[in-house]
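K.L.:
Take a look and give me a structure for this.
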Amino acid sequence: MTNRQGTIPLSRAVQVICFVDFLHDAGVPVERTLTQARVPISALEDPNSWVSTLSQWSFVDRIAHSEGIPDLPFRFIQYAGLENFTPGLMSQLQNAPTLFMALKRFGQLAKLESTNIWFWLSIKGDQAYFCHRGSFDGRSWVGVRGFDHMAWFR
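P.N.:
From the prediction side, this is the model:
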């Protein structure tokens, strides 16, 4: 499935690897579900390889349902923290001189983790809005397995 731009959204394999590590530590078997979700097992060997975002989301959704873990993204982030998920992210954000600069930097770094994802600040008068547009926003996400789980994670 492509998004509105006609491209196939991709995410760095480190994202699915972190979920797999978390699930292995919890004693959850994942190999069959990875195959069902069409996540190549070989991607688990290289955190910098790219995986279909749809496959990644499908994997998380399938595991959450089969294992009865509806809050899987919340449990995962408590386990992994952003430091492990995106190495160096927290240090780059903590070193920003202002919150404004940290949020701008986050938007730039997010592009290195997933294609077709945007975070930006919108300033209107004295109000600032931290905005997001993902790979499958709007109508294009209807029926996309795992969209809700990954929206929580985002």
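K.L.:
going forward, measure contacts and count neighbours with C-alpha atoms only.
P.N.:
Noted.
K.L.:
quick one: contacts for the residue located most distally from the centre of the chain?
P.N.:
Ranked by distance from the centre of the chain (Cα atoms, centre = their mean), the top residue is residue 125, with 31.5 Å. Neighbour list for residue 125: empty [criterion: Cα atoms under 8 Å, 6 or more residues apart in numbering].
K.L.:
Let me know the secondary structure of residue 8.
P.N.:
At residue 8 the chain is in coil, as set by DSSP: H, G, I helix; E, B strand; the rest coil.
K.L.:
wouldn't it be in contact with residue 51 here?
P.N.:
No - Residue 8 lies out of contact with residue 51 (Cα atoms under 8 Å); the separation is 10.1 Å.
K.L.:
More neighbours: those two, which one.
P.N.:
Between residue 8 and residue 51, counted using other Cα atoms under 10 Å, the more crowded position is residue 51 (23 against 15).
K.L.:
ok so, going back, okay, the residue farthest from the centre of the chain and residue 132: tell me how far apart.
P.N.:
Distance from residue 125 to residue 132, counting by Cα to Cα, to the nearest Å: 19 Å.
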